[in-house]
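Asker: All I have is the shape, not the residue letters:
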């Protein structure tokens, strides 16, 4: 992956320096992949926590 120039970043970001979701489909796909990976990791952590809590309840009442 190449380093983008300031102007290329502005173009991808819709000509704005303010953070927002770009109209660029490649950028949107990247956001989507990142969101799904983050959600899956978060859900796994939550499920493991629930499992540990349940096992703790079985053992310790």
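Answerer: Alright, I've got the coordinates. Just so it is clear, the structure is predicted and the values come from calculations on it, not from any experiment.
Asker: For the host helix or strand of residue 34, buried residues please.
Answerer: Assigned by DSSP states H and E, residue 34 belongs to helix 25-60. Under the neighbour-count criterion of 16 or more other Cβ atoms under 10 Å, helix 25-60 has nothing buried. The C-beta positions use only the backbone N, C-alpha and C, and glycine is treated the same way.
Asker: now it, how far from the centre of its chain.
Answerer: 11 Å (Cα atoms, centre = their mean, to the nearest Å).
Asker: For stretch 50-60, what does the pLDDT average out to?
Answerer: The pLDDT scores in stretch 50-60 average 93.
Asker: Which of the helices and strands in this structure ranks last by mean pLDDT?
Answerer: helix 6-12 (a mean of 78; mean pLDDT, DSSP states H and E).
Asker: list the buried ones in that one?
Answerer: For helix 6-12, it's none, nothing buried (16+ other Cβ under 10 Å).
Asker: Distance from the chain centre to that helix, please.
Answerer: 22 Å.
Asker: helices or strands up against that helix?
Answerer: Judged by 3 or more Cβ pairs under 8 Å, 6 or more residues apart in numbering; DSSP states H and E, helix 6-12 is in contact with no other helix or strand.
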